[in-house]
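**Student:** could you work out the structure for the sequence below:
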Amino acid sequence: MPKRNSSVVGREFGNGVRDAIEQSGLTQRKLAELLDWQEAKVSDMVQGKGGVSEADVVRLLSYCRVPAAEVERLVALYRESREKGWLLFPEDGVPDQVHSLISQERLASKITVWSMNLVPGHLQIAGYIRAASEKSARIKPADIDELIRTKLERQAILRPGREFVFYV
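**Tutor:** Presented below is the predicted three-dimensional model:
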């Protein structure tokens, strides 16, 4: 069986599934038994590694009696985890995905970043972020200060003992 790796979105999805299982009062083992799955399948789902279909996701969440709004959110994350490399920026400021990315970056021991047009976010200074944001058609002027603050906070992960590779 090929090794499956998790992504930032996949891990966010897995965290949501883990929360759903915990709130149901079931263990992963018991849930796997009820669903007639191998326990590894539930474990991979919780770790955001895939190996399940959308129907599997809905079935598991139904057993856990997850509210409809949360099912929709987790199914959307599941679908997004199937896509490669896209991060959507909504019109209402810093997206939840960015906060999730920051959280997952704090856990990573190695980060590789490439950028064709801009200095990678981890290396940007406030003036650069402001100038790039002011040229963006997607970022509202009212959101620029919050974006700068968030990007600068993201740089806290740059410390010894971790590996970073930046391609520009």
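**Student:** pull the residues that contact the longest helix seen in the chain.
**Tutor:** With residue count as the measure and DSSP state H as the assignment, the chain has helix 8-24 as its longest helix. Outside helix 8-24, the residues that touch it by CB atoms under 8 Å, 6 or more residues apart in numbering are 6, 27-28, 31, 42, 45-50, 57, 60-61, 63-66, 70, 73-74, 77-78, 80-81, 97, 100-101, 104-105. C-betas here are computed from N, CA, C, even on glycine.
**Student:** that one: which residues count as buried?
**Tutor:** Applying a neighbour-count criterion of 16 or more other CB atoms under 10 Å, the buried positions in helix 8-24 are 8-18, 20-21, 24.
**Student:** the contacts of helix 8-24 in helices, which ones?
**Tutor:** Counted as lying in helices by DSSP H, out of those, are 28, 31, 42, 45-46, 57, 60-61, 63, 70, 73-74, 77-78, 80-81, 97, 100-101, 104-105.
**Student:** write the ChimeraX selection for whichever of these are buried.
**Tutor:** To isolate in ChimeraX the members of the ones in helices among the contacts of helix 8-24 that are buried, counting by 16+ other CB under 10 Å, one can use:
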select :28,31,42,45,46,57,60,61,63,73,74,77,78,80,81,97,100,101,104,105
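**Student:** residue contacts, residue 71?
**Tutor:** Residue 71 makes contact with 58, 61, 62 under the criterion CB under 8 Å, 6+ apart.
**Student:** apply 7 Å and report the result again.
**Tutor:** 58, 61 (CB atoms under 7 Å, 6 or more residues apart in numbering).
**Student:** rounded mean pLDDT for stretch 82-89, please.
**Tutor:** In this model, stretch 82-89 has a mean pLDDT of 53.
**Student:** same check on stretch 37-55?
**Tutor:** For stretch 37-55, mean pLDDT is 86.
**Student:** let's have the chain start at 26 instead
**Tutor:** Renumbered: residue one is now 26, and that last one reads stretch 62-80.
**Student:** host element of residue 62?
**Tutor:** For residue 62, there is no helix or strand it lies in under DSSP states H and E.
**Student:** number of residues surrounding it?
**Tutor:** The tally of other residues near residue 62 (other CB atoms under 10 Å) stands at 17.
**Student:** from residue 127, how far out is it?
**Tutor:** According to CB to CB, to the nearest Å, residue 62 stands 32 Å off from residue 127.
**Student:** so what's residue 157 up against?
**Tutor:** Neighbouring residues of residue 157 by CB under 7 Å, 6+ apart: residue 143.
**Student:** cool, residue 154 as well?
**Tutor:** With CB under 7 Å, 6+ apart as the criterion, the residues that contact residue 154 are 172, 173, 176.
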